[in-house]
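Visitor: Have a look at this prediction, sequence included:
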Amino acid sequence: MIFSPSKESISSLLNLLGKLLCLLGLLFLVPAGIALFLGEVPALFDFLISLFITETIGLLFLLFFPYKQDLDYSLAFLLVALVWLILPFFSALPLWFSGHFKSFLDAFFDSMSGFTTTGLSLIRDLDYLSYSHNFFRHFIMFLGGQGIIIVALSFSQKASSYGVGLYVGEAREERILPSIISTSRFIWTVTLVYFIIGSLLLFFLGLKAGLPYKKALFHGMFLFMAGFDTGGFTPQSLNLGYYHSLSLELATLIVMLLGSLNFNLHYFLWRKNPKEILKNIETRTFFISFSLLFIFLNLTLVLNSKIPLLELFRKGLYQILTAHTGCGFSNLTVSQLKSWSEGSLVFIIIAMALGGGVGSTTGGIKLMRVGLLFKSIVAEVKTWIFPAQVKMQEKYHHLQDFLLGDRRVKLAFIVFFFYLLSYLGGAVIGVLLGYPFLPALFESTSASANVGLTLGITSPQMPVLLKLTYIIQMWTGRLEFVSVIASLGIIISLFKK
Amino acid sequence: MRRIFLLFLLILTNMLSLQAGEFIEIKELLAKPSFWDRKEVEVKAEVLDILRRKKGSWINILDGGVSLGVWVPEEVRLPQIIYLAGPEEKGDLIRIRGKFYFNNPQYLGQTMISAEEISLLKRGEKFSLEPTLKKKRALFLWALLFLITGVVYLIRNLKYARRTSKT
C-alpha cells in the first residue's frame, strides 16, 4: 500500500512552508542590520528587497493554504526536503542582487552550498564582496549547519506530533534531551557558547596576524561560523592562506573538530561524563580512520616530493582533518592541491567520503555507520573462525552499550550505499562532461559529502549540468537521502491516486 | 618558403609578446607553477591587505580575480599604501619584483613571492556606494506588495478571529 496524503495535509504543508519563508524573511534583518551599521547602502537594499519578496511570497502561502490538520510523519519528510530546496532558493536572492554571480543559478549554487555547509563556491571577485554579504554567506552556513528545522523548532513553544518527523528528516537521528524542542535549544546553547569563545579566539589571532580591528572581528566570526558548522566558506579567495598564520590554522582545526563531534557527545562533555569521549564508537572510529589516513597520506607525500617534516605535518594534517570533518578550509592553493600525486588525492577522497559524527554538522557517510559496518564485518568473520556452537554477540558503545543488531547494520549499509552511488554518479557525470576521472570523483565526493575542497572544477565556467548535479548532490547529501527518497515516494503516490 | 615565413612570424610574435608582457599574471604563475618556481618574476597587482610582522610584512595582492601572498622583508622599502582592495575601495596598484616560490620551505610550504623591490604604479580609489535606480525601484515595488499582502492577511485573520469568538 502506498501512502497518499490528503488535500488538507498538503494545504497544511504549504502553510508551514509559508511560515518558514516568513521566518527566513525576518532573518534577512540580521545582515541588513549589519549593512546599515557599516553604511553598506547597496547591500542594505539587496537584503531589504529580498526580505520583502520572501515575506510577500510567505504571506501568500499563508493566505491561500490554511493550516487544516497536523502533518503525518511521512509528510514531514516532504516538508523537510522542500524546505531545504526553497529556503536556499530565496536566500540566493541577496547574493544574486550583489552582482557577484554570473547567473541566478550560480547564486543558488552558493546558497545551497552555504545551507548544506558544503563550501564550494561560484562567486566572482570574492575579495570585493561587502562585509554584510560575506556575513550572510557565513550566516546561512551557520543556520544550515545547525539545521533549518532546529532553528524553527527552537522558536516554537509547543511540540507537535510531526516535530519528530521534521527533526529526523533533517538527518538527525538522536535526541539529546527528552523533547525535540529542548534538544533544539540545547544545540543552540552549546553553539552560542562556542561561538562567543571561538570568535573571540579567532579575533585575537587575527589581530596577532596583523589584521585591522574591523577585519579581525568579522573574520573571527566568519571563520568560526564556517569552521564549527564544518562549512568551509572563507571571506577571502586565498582561503586560510590569507592570514599566513600557523596559530590561526591550528585554532580553526580545533573549531572544526568540535563541530564534527556528535552533539550528544558535547552534552556528555558538558553535563555528564567526559570519559564518554574515550569509549564512544564514533570517536574511536575517527581516531583509527584519521590515524591511518594521516599516515598513508604523509607516506605518499614523502614518496612523491621531498617535503621538510614540519611542512609535511602542516599540509598533511590540515588536509586530512579538513576533509574528514567535512569542513573544507584549506591552507593550500588549488594549484598546490592539484600538484599532489593521485595516491594522496585518493586518501583525501576517502577522508571526505567518511565524514564526521552522526548528529553533528558534518556530511558524508558518518563515523557511526562506518564503525557499525566495520564491527559487523568483524562479527561475521568471527563466525567463520569459531566453531558453530560458540554464540557471540558483538557490542558497541555509544552513550551506553548496545548489541549490534541487524536492523542498525542494515540502515547503516543503505545510507552507505546511497552515498557511494552519489559519489560515483557525480563522478560519471563529470567524466561525461570531459573531466578526468579522479578530479571528477574528488569534486563529486566533496559536493555530496558537503566538504567543499576543490581541485578547480567548481568554477563559474563549469557546465550548467554539472552545477545542477552538484546542487542535487549537496541537497541529498545533507539530508542523507532519507527525506528526498521518502518525498519522491509521496510525489509518486500523488500521481497514482 | 611558406614554412620559413611562418617560422619568422612565430619568432616575431614571440619577441613582441616578450616585450609587451613585462608583467606576469598571477594566474599564469599558478597555472604553470613548476616552470616559474624559484624564478625572478615581476607582477602588477592591487593591494588587498598588509599584515605587519616583526621582521617584515605580508602583502596579499590581487590580480585578475586571483590572489597571492607576498613576503616583504623589512629591508625592502614599502611605498605608502592608502587604498586596500575591498568592498569600499579599489586598491593601490603596485609593481612587485621578486622570487616566486610554489612551496617555500622557509614559510611552511606557502605559495608566495619573496619581494625584492616594490613600487607604486597607480593610486586606488573609493567606490561609489550609491544603490542603482533599478534597485531603488525594486525596493519600492516589493515594499508596496508586501504591505498590501500583509494588510490582506491581517484583515482575514481579524475576520476569522471574530467569527470564532462568536461561535
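Guide: Nice, I can see it.
Visitor: For the closest residue in space to A:A351 that isn't next to it in sequence, which residues are in contact?
Guide: If the residues on either side of it in the chain are set aside, A:A351 comes closest to A:A323, at 3.8 Å by Cβ to Cβ, 6 or more residues apart in numbering or on different chains. (Glycine included, C-beta is placed from N, CA and C.) By Cβ atoms under 8 Å, 6 or more residues apart in numbering or on different chains, the residues touching A:A323 are A:I348, A:A351, A:M352, A:V451, A:L453.
Visitor: mind checking the SS state of A:A323?
Guide: Here A:A323 is recorded as helix under DSSP: H, G, I helix; E, B strand; the rest coil.
Visitor: Now do the strands in chain B.
Guide: Taking DSSP state E as the test, the strands found in chain B are B:39-53, B:56-63, B:66-73, B:89-90, B:93-104, B:110-122, B:125-126.
Visitor: contacts for the third one?
Guide: So the one you mean is strand B:66-73. A:127, A:236-238, A:241-242, A:244, B:25-27, B:29-30, B:43, B:45, B:48, B:55-61, B:78, B:96, B:98, B:107, B:110-115, B:118.
Visitor: Try it again at 6 Å.
Guide: The contact list for strand B:66-73 (Cβ atoms under 6 Å, 6 or more residues apart in numbering or on different chains) reads A:237-238, A:244, B:26-27, B:48, B:56-61, B:78, B:96, B:112-115.
Visitor: tell me the angle of it relative to strand B:39-53?
Guide: 80 degrees (axes from the mean of the first three to the mean of the last three Cα atoms, to 10 degrees).
Visitor: can you pull the buried residues of strand B:66-73?
Guide: B:V66, B:S67, B:L68, B:G69, B:V70, B:W71, B:V72 (16 or more other Cβ atoms under 10 Å in any protein chain shown).
Visitor: Quick check, central residue of chain A?
Guide: With distances taken as Cα atoms, centre = their mean, A:T117 lies nearest the centre of chain A, 3.5 Å away.
Visitor: List the contacts of that one.
Guide: Neighbouring residues of A:T117 by Cβ under 6 Å, 6+ apart: A:M141, A:G144, A:G145, A:D229, A:T230, A:G231, A:T361, A:N450.
Visitor: hmm, 8 Å instead?
Guide: A:141, A:144-145, A:229-232, A:326, A:361-363, A:450, A:478.
Visitor: PyMOL command for the buried members of those residues?
Guide: Typed into PyMOL, the line below selects the buried ones among these, using 16+ other Cβ under 10 Å:
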select buried, chain A and resi 141+144+145+229+230+231+232+326+361+362+363+450+478
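Visitor: Could you export the contacts of A:T117 as JSON lines, including pLDDT?
Guide: Formatted as JSON lines, those follow (pLDDT from 0 to 100):
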{"residue": "A:M141", "pLDDT": "93"}
{"residue": "A:G144", "pLDDT": "88"}
{"residue": "A:G145", "pLDDT": "84"}
{"residue": "A:D229", "pLDDT": "90"}
{"residue": "A:T230", "pLDDT": "91"}
{"residue": "A:G231", "pLDDT": "90"}
{"residue": "A:G232", "pLDDT": "91"}
{"residue": "A:G326", "pLDDT": "93"}
{"residue": "A:T361", "pLDDT": "77"}
{"residue": "A:T362", "pLDDT": "84"}
{"residue": "A:G363", "pLDDT": "86"}
{"residue": "A:N450", "pLDDT": "94"}
{"residue": "A:R478", "pLDDT": "89"}
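Visitor: What is the neighbour count of A:F64?
Guide: Neighbour count of A:F64, defined by other Cβ atoms under 10 Å in any protein chain shown: 11.
Visitor: go on, B:R52?
Guide: When neighbours are counted by other Cβ under 10 Å, B:R52 registers 14.
Visitor: Look up which residues are beta-bridged to it.
Guide: Here B:R52 shows beta-bridge partners B:S57, assigned using DSSP bridges.
Visitor: Pretty sure it sits against A:A209.
Guide: No - contact criterion Cβ atoms under 8 Å: B:R52 and A:A209 do not qualify, at 9.6 Å.
Visitor: which residues are common contacts for these two?
Guide: Common neighbours of B:R52 and A:A209 (Cβ under 8 Å, 6+ apart) do not exist.
Visitor: Return the set of buried residues in stretch B:41-51.
Guide: Buried residues in stretch B:41-51, counting neighbours by 16+ other Cβ under 10 Å, are found at B:V41, B:V43, B:K44, B:A45, B:E46, B:V47, B:L48, B:D49, B:I50, B:L51.
Visitor: Stretch A:207-225 now?
Guide: Buried, per 16+ other Cβ under 10 Å, within stretch A:207-225: A:209-211, A:215-225.
Visitor: roughly how far is it from the heart of the chain?
Guide: Offset of stretch A:207-225 from its chain centre (Cα atoms, centre = their mean, to the nearest Å): 23 Å.
Visitor: And stretch A:38-47, by the same measure?
Guide: 28 Å.
Visitor: among the helices and strands of chain A, which one scores worst on average pLDDT?
Guide: Using mean pLDDT, DSSP states H and E, helix A:163-169 stands out as the lowest-scoring helix or strand of chain A, at a mean of 61.
Visitor: what sits against the residue of chain B found nearest chain A?
Guide: Using Cβ to the nearest Cβ, the single residue of chain B nearest to chain A is B:L51, 3.0 Å away. Counting by Cβ under 8 Å, 6+ apart, B:L51 touches A:A209, A:G210, A:L211, A:Y243, A:H244, B:S57, B:W58, B:I59, B:N60.
Visitor: Any chance of CSV for the residues you listed, columns distance to B:A85?
Guide: Formatted as CSV, those follow (distance: Cβ to Cβ, whole Å):
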residue, distance to B:A85
A:A209, 18
A:G210, 16
A:L211, 15
A:Y243, 17
A:H244, 17
B:S57, 16
B:W58, 15
B:I59, 11
B:N60, 9
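Visitor: what pLDDT, on average, does stretch A:422-440 get?
Guide: The average pLDDT within stretch A:422-440 is 97.
Visitor: actually stretch A:40-60, not the one I wrote
Guide: For stretch A:40-60, mean pLDDT is 97.
Visitor: So the residue nearest to A:F115 when sequence neighbours are not counted versus A:H138, what's the distance?
Guide: Closest residue to A:F115 apart from its sequence neighbours, by Cβ to Cβ, 6+ apart: A:G144 at 3.5 Å. Applying Cβ to Cβ, to the nearest Å, the value for A:G144 to A:H138 is 11 Å.
Visitor: what's the neighbour count on A:Q69?
Guide: Around A:Q69 there are 10 other residues, counting by other Cβ under 10 Å.
Visitor: nearest residue to it other than its sequence neighbours?
Guide: Among residues not flanking A:Q69 along the chain, A:E8 sits closest, at 5.0 Å (Cβ to Cβ, 6+ apart).
Visitor: by contact count, what packs against the helix or strand harbouring the one you found?
Guide: Element membership for A:E8, per DSSP states H and E: helix A:7-27. Packing partners of helix A:7-27 (3 or more Cβ pairs under 8 Å, 6 or more residues apart in numbering or on different chains; DSSP states H and E): helix A:41-64, helix A:73-97, helix A:148-155.
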